[in-house]
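Visitor: Everything below, folded, please.
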Amino acid sequence: MRVRLLELAHARSGDKGDTANVGVIARRPAYYPLLVREVTSERVAAHFSGMITGRVERFELPNLNALNFLLHGALGGGGTVSLKTDAQGKTLSTALLRLEVEVPDDTF
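Guide: Okay, the predicted model is just below:
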């Protein structure tokens, strides 16, 4: 079955220059393996296609049941020079939570 990432995780985002940081935290420890399998750098890059100009890096934080993504070239140069409405990338976490992922039928 397909669900939005929002059903499995919380997320927070912020900025450092032209790079957005998006943390995805499993709502339950049992969901973490699903996040690792489904929320890849490639899928995140495709989800933000046309919005970012650089690569997407993923870091696994199993002790926190979380993933951290760096979205390079996401902020139009950064907060002080960007013409983007969200120059600090605060809404990128909400946007990522709309990603649809495949989960087993008995997940919930």
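
Visitor: Let me know the secondary structure of Leu67.
Guide: strand (DSSP: H, G, I helix; E, B strand; the rest coil).

Visitor: okay, now it: neighbour count?
Guide: By other CB atoms under 10 Å, 24 other residues sit near Leu67. All C-beta spots, glycine's among them, are computed from the backbone N, C-alpha and C.

Visitor: For it, which residues are in contact?
Guide: Gly23, Val24, Leu35, Val36, Val39, Arg58, Phe59, Glu60, Leu61 (CB atoms under 8 Å, 6 or more residues apart in numbering).

Visitor: most surrounded residue in those?
Guide: Val24 (26 neighbours).

Visitor: Now do the helix or strand that contains that residue: distance to the chain's middle.
Guide: Assigned by DSSP states H and E, Val24 belongs to strand 19-26. Relative to the centre of its chain, strand 19-26 is centred 5 Å away, using CA atoms, centre = their mean, to the nearest Å.

Visitor: For that strand, what does the pLDDT average out to?
Guide: Averaged across strand 19-26, pLDDT comes to 93.

Visitor: What strands flank it, and is each parallel or antiparallel?
Guide: strand 9-16 (antiparallel), strand 66-72 (antiparallel) (DSSP bridges).
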